[in-house]
Structure formats: C-alpha cells, structure tokens
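**Q** just coords:
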C-alpha cells in the first residue's frame, strides 16, 4: 500500500493516483492530509492524478488542494472501462481541477509542460 511505497520515492519519482479515494487515500477520513504525503512533496515526489476509473475523488482532491498540495501532473489514465465515464477524456480531467479552484494556467502546465519535464522531454 501507500505507506510501504511512499517513503521509498525520491525527488523526480512520480506518484500516480495521488487523489484516489479510500482505502489508500492521501487524506484521513477527517480530510487532513497524511503526513507521509507532505513529506513526499517536500522530497520532490511528483503528484499525478491518473484519473482512470476509480482513482480520483472530488473530496480527496478538495482536501489536498485546500492544503496547498495541487497535482504536478494531470493525466487521464483513460482506458476501455472509463472512456464513457468517469474520466471520459483529458479535457474533462482538466475541467475537474478547474472546478475545484485550480487556476487555468496551473491546469495547463500540469497537463502539458510538467509531464514533459517529469519524463525529461
């Protein structure tokens, strides 16, 4: 689980599904961010939403954003089982972050420049 993997991640490593719901959510049931997530961000771990079928939760995302932990990368993780929802496509994934208050310029960076830099492109 998250608690076994997260401490091993280093600067530049990518944590995908960083806004997933329970049981491996990055926040407690109270909405408070887990300390290991803060430590990972401080170490330079890259947070990627990797939306997919069940790896994005609005309440988790809201809690993370409220604590200043916006995603570095927005990816759709679209596959056969989520192309008809809930991820649909990249624009829907980007729109969800904007609906939660992430500024357009940050959303655009997280969907373009940041992922390219994360893989050294």
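**A** Thanks, I have the structure now. Everything quoted here is computed from the prediction, not taken from an experiment.
**Q** now do the strands in this structure.
**A** 14-16, 46-48 (DSSP state E).
**Q** quick one: mean pLDDT over the first one.
**A** Averaged across strand 14-16, pLDDT comes to 97.
**Q** would you mark the buried spots in that strand?
**A** 14, 15, 16 (16 or more other C-beta atoms under 10 Å). C-betas here are computed from N, CA, C, even on glycine.
**Q** other residues contacting that strand?
**A** 6, 9, 40, 45-50, 55, 73, 75, 77, 118 (C-beta atoms under 8 Å, 6 or more residues apart in numbering).
**Q** distance of the residue lying closest to residue 52 once chain neighbours are set aside relative to residue 108?
**A** Nearest residue to residue 52 in three dimensions, chain neighbours excluded: residue 77, at 3.6 Å (C-beta to C-beta, 6 or more residues apart in numbering). Applying C-beta to C-beta, to the nearest Å, the value for residue 77 to residue 108 is 19 Å.
**Q** which of the two has more neighbours?
**A** Between residue 77 and residue 108, residue 77 has the larger neighbour count (other C-beta atoms under 10 Å), namely 17 against 14.
**Q** what's the pLDDT at the more buried one?
**A** pLDDT at residue 77 comes out at 94.
**Q** right, and it touches residue 20 too?
**A** No. Applying C-beta atoms under 8 Å as the test, residue 77 and residue 20 come out as separate, 10.9 Å apart.
**Q** now do the shared contacts for the two.
**A** Residues touching both residue 77 and residue 20 (C-beta under 8 Å, 6+ apart): residue 55.
**Q** and the gap between residue 81 and residue 120?
**A** Residue 81 is 30 Å from residue 120, by C-beta to C-beta.
**Q** out of the two, which sits in the busier spot?
**A** Between residue 81 and residue 120, counting by other C-beta under 10 Å, residue 81 is the more crowded of the two (11 against 6).
**Q** that one contacts residue 53, doesn't it?
**A** Yes. With contact defined as C-beta under 8 Å, residue 81 reaches residue 53; the gap is 5.1 Å.
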